[in-house]
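> can't give you the sequence, but here's the structure:
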């Protein structure tokens, strides 16, 4: 049995990582909640955003945190354009086609990244990489603290946006009843694209928070998107609170699993949660759409 | 009808065949005469897939050697025959590597150099043996590669057994010379391939016999993206020495996480460490890399030619990692054999490789002596990252710096 301080440190590490998982899952759950599609290109778009962060850092010397508004805005435009000009136009309203289109988009993005950047990992090393706060039981570095705080802030901001603004209201209307929304004058195609854009902007923000810690490669998206799917299933498809809580649960489970059962076996905990949720609570912990 | 068709086809074939013979007689002969001045060498490396970085480095090193040979007059005993690279991509898969050998056979290569990883090299050497193509393994360290009795298979660099043995012996020597500051050891190893687990086992046995206490052995998969828990355990164990045994990405991440969590053992020592003697690691994370020691492939730092090759590599914007100088040397080894044989015939090249006494290389191996395909003089060196350079700290005749052991705080 480990010393309680190690267990506490492991839980803190899990919460820090969980915040990032929440942010990645947030985009996924928003897109599902509104468009009712599972976006298979989510991981590839995250990877693309991370390369964007690296490019700004390597070519223009822009700090990844300062680049956040720029990358998020760029990601929004990318997501908006993708939905408006590719996914929306090719899907003909059929879910199975949307799935295949997003899968195709992900393959294209990955291969473009492989061609353009090769499989070599790129790193973003910020000068304050090892600065931070000593909690005694563990040392929290700036990239961890920034990722945790920013993830919570972005989740809260997005929740307020959806709850308080006209566009947010329109998004909720389209999510609940798209025909009804169309009848009262909501531009459904525009709202679809805005939702996809916001979901991708979440990835842009997550990319800025991840880049100082994780080396960037064309496969980096897979690591996070598989976990994000688990978080969304755990929290409930389309639920913001579910994505947030789910992210923390998965983060802590992964961390404690690694501590007690080793790095290889510890990851089984995530899959176990995934299966148990599907068996006993298929709608997830907060299983309701926005 | 079938017979009729066959007769028609035969006639067509006859006409086509006659035309081909005529064309060959009139146009082809000059081409064949020209081809005799060019010797093809097959280069098989994993230039795509997860080994892409190392495979590309190998290809660069091999091509650098070919370029140099051609610039300095080619194979002189063959009237200045030029070398031509026939490149193949193993795609980081052993079976694809074997398929590439078949292509090399069709291309008529005189010899093959490859194929970076032990798994791919095992497959390519076996396939090359079927065609009688001499094959020099550049990097693959598994000793199985040269223990299958394949007459065509050669390895110029050292194998796993020799490296691990020297790795343990050097560590014991270093510790004794410094007044035995290290008593407890923690080993962090990848457990997805035989490499990490194998090194961990050899180090555990060797160090236990020498009186060290192994207080923690921590395994992890490859790839692994989070070392927080492992570093927490290392912090708790507080071992004097940490031995990481994993591939480049995981090695770097572990070192960075240790740095972030202020885990500072008296030394970090590796055998064939994934990043421990890589200029890429030093360039990207100089602080995390400081004072890390390694027992690995290394060039002779006192050989001016080696320093020239290092400069040429840097001028090309590449890192002078072990992949580059091992592949470079492997091609030079083949070229020397052709020079001695005065021929590019496969059997003669194989014979010349087996009897090679080449000593004009850039490695710290002494004159070449091949036994069962293995260069018996091949050995690793001990390196340490000090400041902006990777210094050789042992053995003394190659040392460029004194070991900083235990590492300064």
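In hand now; what should we look at? All of these numbers come straight from a predicted model, not from anything done at the bench. Numbering: from 1, shown residues only, chains lettered A, B, ... in the order given.
> of all the residues in the stretch 101-250 of chain A, which ones are close to chain B?
A:118-121, A:123, A:125, A:129-130, A:132, A:134, A:138-139, A:141, A:214-215, A:223 (Cβ under 8 Å from any Cβ of the partner chain). (C-beta placed from N, C-alpha, C; glycine too.)
> Could you report the pLDDT at the residue of the stretch 301-409 of chain B found nearest chain A?
Residue nearest to chain A within the stretch 301-409 of chain B: residue B:319 (10.8 Å; Cβ to the nearest Cβ). Looking at residue B:319, its pLDDT reads 91.
> part of a helix, is it?
No. Assigned with DSSP: H, G, I helix; E, B strand; the rest coil, residue B:319 falls outside any helix and is coil.
> which residue sits closest to it, ignoring its sequence neighbours?
The spatial neighbour of residue B:319 that comes closest, neighbours along the chain excluded (Cβ to Cβ, 6 or more residues apart in numbering or on different chains), is residue B:279 at 4.3 Å.
> thinking again about what came up before, which one of the residues of the stretch 101-250 of chain A next to chain B is nearest chain B?
residue A:119 (4.0 Å).
> and that closest one, helix, strand or coil?
Here residue A:119 takes the coil state, with states given by three-state DSSP.
> quick one: contacts for the residue of the stretch 301-409 of chain B closest to chain A?
B:57, B:278, B:279, B:280, B:283, B:313 (Cβ atoms under 8 Å, 6 or more residues apart in numbering or on different chains).
> how far away is residue A:30 from chain B?
The gap separating residue A:30 from chain B is 25 Å, by Cβ to the nearest Cβ, to the nearest Å.
> What is the neighbour count of that residue?
By other Cβ atoms under 10 Å in any protein chain shown, 26 other residues sit near residue A:30.
> how about the strands in the stretch 151-300 of chain B?
Assigned by DSSP state E, counting those that start in this stretch, the strands in the stretch 151-300 of chain B fall at B:153-155, B:184-190, B:213-220, B:241-245, B:267-271, B:293-296.
> The fifth one - contacts with which helices or strands?
Here strand B:267-271 touches helix B:160-177, helix B:194-209, strand B:241-245, helix B:248-260, strand B:293-296, going by 3 or more Cβ pairs under 8 Å, 6 or more residues apart in numbering or on different chains; DSSP states H and E.
> how about these in CSV, adding mean neighbour count?
Formatted as CSV, the helices and strands packed on strand B:267-271 follow (neighbours: other Cβ atoms under 10 Å in any protein chain shown):
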stretch, mean neighbour count
helix B:160-177, 19
helix B:194-209, 18
strand B:241-245, 27
helix B:248-260, 23
strand B:293-296, 28
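> quick one: buried residues of the helix or strand where residue B:306 lies?
Assigned by DSSP states H and E, residue B:306 belongs to helix B:304-315. Within helix B:304-315, the residues scored as buried using 16 or more other Cβ atoms under 10 Å in any protein chain shown are B:306, B:309, B:310, B:312, B:313.
> Sort out which of the residues of the stretch 101-250 of chain A next to chain B are in strands and list them.
Using DSSP state E, the subset of those located in strands is A:132, A:134, A:139, A:141.
> Please check those residues and keep the buried ones.
A:132, A:139, A:141.
> Show me which residues of stretch B:260-277 are buried.
Using 16+ other Cβ under 10 Å as the test for burial, stretch B:260-277 gives B:260-261, B:263, B:265-277.
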